[in-house]
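1. Everything below, folded, please.
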Amino acid sequence: MRLGRYQWLVGLGGTIALVVVPLAIFLPRQPAPVDQPSAHLPVRRPHTDHTPLMTGPYANGSDVTRACLECHPQAAVEVMQTVHWTWESEPYLLPGRDEPVAVGKKNLLNNFCIGVQSNWEGCTTCHAGYGWEDADFDFTAAENVDCLVCHDTTGTYVKGNAGLPLDGVDLAYVAANVGYTSRQTCGGCHFDGGGGNGVKHADLDEHLINPPDELDVHMGRLDFVCSDCHWTEDHVISGRAISVSLDQENQVACTDCHDPAPHDDQRLDDHVATVACQTCHIPAGAVRDPTKMYWDWSTAGQDRPEDPHIYLKIKGSFVYASNVTPEYRWYSGVADRYLLGDPIDPTTTTSLNPLAGSIDDPAARIFPFKIHRARQAYDAVYGYLLQPKTVGEGGFWEDFDWDQAFRLGAEATGLPYSGEYGWAETEMFWPITHLVAPAEQALVCADCHSPEGRLDWLALGYPGDPIEWGGRALPSASLGTSAP
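-> Next comes the predicted model:
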């Protein structure tokens, strides 16, 4: 009797199951989220024709800036808050330092053209301002801001020493045709950093002004301009260069637009906790134009045949390379910096921007770099790298006198110079983040996981290929408990 009382419930449940289960199987489901990076691109207001607004004449660049400020009164103030203007960071307390220090192009050494101090008039050709020719430049004068260097659309605006427009530039024509920034305006400085096209960066050169599709999918196939990734607000341009920056504030990342796990294959998504996107998607640097890999300053000043890719009397000997296979290091997104006056060991290589990160650091990824190596001068008594004066009166490029160049450089930096110098090896890390190849050209498994693979597993801290030995252990807060 009791079983009979509930038979109708059993029958009802079976009937519901016969209806619901097929519906659950065959009805359309909510589609899985799709990676739509284009949805994140900035939206720009229509550009205003400045032809009737900027009629000139203009005697100099500052006159143009004054005219710009009549309609854009806050523009110069905004620019003057950025590192493109100051060439200097906010003070940082670095490991091993007693007090915070401000760092940037303004006061750091590199192993290309060495440094700005004592060489202002030459180096500031790429400053977003007018007239920085010595240590007394007025960073508070709004009329010193150069609007045209970023907003020129004519291709005729060229800057010379101290950032002043070259004679012959038609300022009224350029000002009347200003517009949004472009690959050409950004590249005017960034493609030619270090003294020429492609010299400094293995992933930036003049081919990116009008790149073919296969050179860079963003700038070529999709016609991105720099500010599509380097978002800009109030003239603050996102992005950090580890050669001069010490944090990741306002940094650009692939995941600004792309899903953190964008692949159709879970095995590939499992790599993102350990391998940077760039490692697989940028197989090579200097794909079209060669980049400088080594610079020997000790040979400068000799009278010998010159070739811009082999030897120049004013600069020394070079080694260039094309289709450069990156060197891979653990990288957490930040780096330390060699500061003026830091001691070196001339018998070993001094890293000017040593990377943070290791196999044990969950924030670190395997990242591709161009490592620029050089031989540059150090004080043989005090044991630190020297800043020579190369540009202008008394500079090495004028008189080819190293001792004089070091004395004049010391006057600018305030560091003593003993009168004795030698030559030491240095290195600088330059991340490779542009030249993203089409997906079909990305690295495949065997490019890394094979006896001829491009990764040195032992140097990265693995006992061997992770396919055979297993990946690194990561804390549970990371993208899983282990990764390749």
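
2. how about the CA coordinates for whatever helix or strand F369 lives in, as PDB?
-> F369 is located in strand 365-379, with elements delineated by DSSP states H and E. Taking C-alpha atoms only, strand 365-379 is exported to PDB below (Å, rounded to 0.1, in the frame of the first residue of the first chain):
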ATOM      1  CA  ARG A 365      58.100  34.700 -16.600                       C
ATOM      2  CA  ILE A 366      60.600  33.500 -19.200                       C
ATOM      3  CA  PHE A 367      61.000  36.700 -21.300                       C
ATOM      4  CA  PRO A 368      62.900  37.500 -24.600                       C
ATOM      5  CA  PHE A 369      65.600  40.100 -24.500                       C
ATOM      6  CA  LYS A 370      68.200  41.600 -26.700                       C
ATOM      7  CA  ILE A 371      71.300  41.900 -24.500                       C
ATOM      8  CA  HIS A 372      73.500  44.800 -25.700                       C
ATOM      9  CA  ARG A 373      77.100  44.300 -24.600                       C
ATOM     10  CA  ALA A 374      79.800  46.900 -24.700                       C
ATOM     11  CA  ARG A 375      83.300  47.900 -23.600                       C
ATOM     12  CA  GLN A 376      83.300  51.300 -21.900                       C
ATOM     13  CA  ALA A 377      85.600  53.400 -19.700                       C
ATOM     14  CA  TYR A 378      86.000  53.200 -16.000                       C
ATOM     15  CA  ASP A 379      88.200  55.100 -13.500                       C
END
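
3. for it, packing partners?
-> helix 277-281, strand 291-296, strand 327-331, helix 402-413, strand 421-431 (3 or more Cβ pairs under 8 Å, 6 or more residues apart in numbering; DSSP states H and E). All C-beta spots, glycine's among them, are computed from the backbone N, C-alpha and C.

4. rerun at 7 Å
-> Where contact means 3 or more Cβ pairs under 7 Å, 6 or more residues apart in numbering; DSSP states H and E, strand 365-379 is packed against helix 277-281, strand 291-296, strand 327-331, strand 421-431.

5. chain center to it: distance?
-> Offset of strand 365-379 from its chain centre (Cα atoms, centre = their mean, to the nearest Å): 14 Å.

6. Next, the angle helix 402-413 makes with it.
-> Angle of strand 365-379 versus helix 402-413, following axes from the mean of the first three to the mean of the last three Cα atoms, to 10 degrees, is 110 degrees.

7. So for strand 365-379, mean pLDDT?
-> Taken as a whole, strand 365-379 has an average pLDDT of 98.

8. Tell me the helix or strand right after that strand.
-> Next along from strand 365-379, by DSSP H and E: helix 396-399.

9. For that next one, buried residues please.
-> By neighbour count on 16 or more other Cβ atoms under 10 Å, the buried set for helix 396-399 is F396, W397.

10. again, but for stretch 87-105
-> Buried-residue list, stretch 87-105, by 16+ other Cβ under 10 Å: W87, E88, S89, V103, G104, K105.

11. would TSV of those with distance to P438 and pLDDT be doable?
-> Below are these laid out as TSV (distance: Cβ to Cβ, whole Å; pLDDT from 0 to 100):
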residue	distance to P438	pLDDT
W87	36	96
E88	39	93
S89	36	90
V103	37	90
G104	36	92
K105	34	93
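
12. can you list these in a markdown table and add secondary structure and distance to A176?
-> Shown next, in a markdown table, are these (DSSP: H, G, I helix; E, B strand; the rest coil; distance: Cβ to Cβ, whole Å):
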| residue | secondary structure | distance to A176 |
| --- | --- | --- |
| W87 | coil | 30 |
| E88 | coil | 33 |
| S89 | coil | 36 |
| V103 | coil | 39 |
| G104 | coil | 34 |
| K105 | coil | 31 |
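
13. tell me the angle of the strand holding F369 relative to strand 421-431?
-> Using the same axes, to 10 degrees: strand 365-379 against strand 421-431 is 160 degrees.

14. Please name the nearest non-neighbouring residue to P308.
-> G196 (7.0 Å; Cβ to Cβ, 6 or more residues apart in numbering).

15. same check, this time on Y338
-> L352 (4.4 Å).

16. Could you find the closest non-adjacent residue to Y421?
-> A377 (5.1 Å).

17. Just grab the bridge partners of the one you found for me.
-> With DSSP bridges applied, A377 shows beta-bridge pairing to W423.

18. What are the neighbouring residues in contact with it?
-> Taking Cβ atoms under 7 Å, 6 or more residues apart in numbering, we find A377 in contact with W297, L386, P388, F406, Y421, W423.

19. just D264 next, same as before
-> Per Cβ under 7 Å, 6+ apart, neighbours of D264: none.

20. That one and A439, how far apart?
-> Here D264 is placed at a distance of 11 Å from A439 (Cβ to Cβ, to the nearest Å).

21. Likewise for P262?
-> From P262 to A439 the distance is 10 Å (Cβ to Cβ).

22. Could you check how many residues crowd around Y331?
-> 23 (other Cβ atoms under 10 Å).

23. Beta-bridge partners for it, please?
-> With DSSP bridges as the rule, Y331 is bridged to R365.

24. same question, the one 4 residues further on
-> In this structure, A335 bridges to L355 when assessed by DSSP bridges.

25. Show the model's pLDDT score for it.
-> pLDDT, read off for A335, is 92.

26. which residues in the stretch 151-300 of the chain form helices?
-> 171-176, 183-190, 226-229, 266-269, 277-281 (DSSP state H, counting those that start in this stretch).

27. Redo these as TSV? Include distance to C448.
-> Output for these, formatted as TSV (distance: least, Cβ to Cβ, whole Å):
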stretch	distance to C448
helix 171-176	48
helix 183-190	30
helix 226-229	26
helix 266-269	12
helix 277-281	9
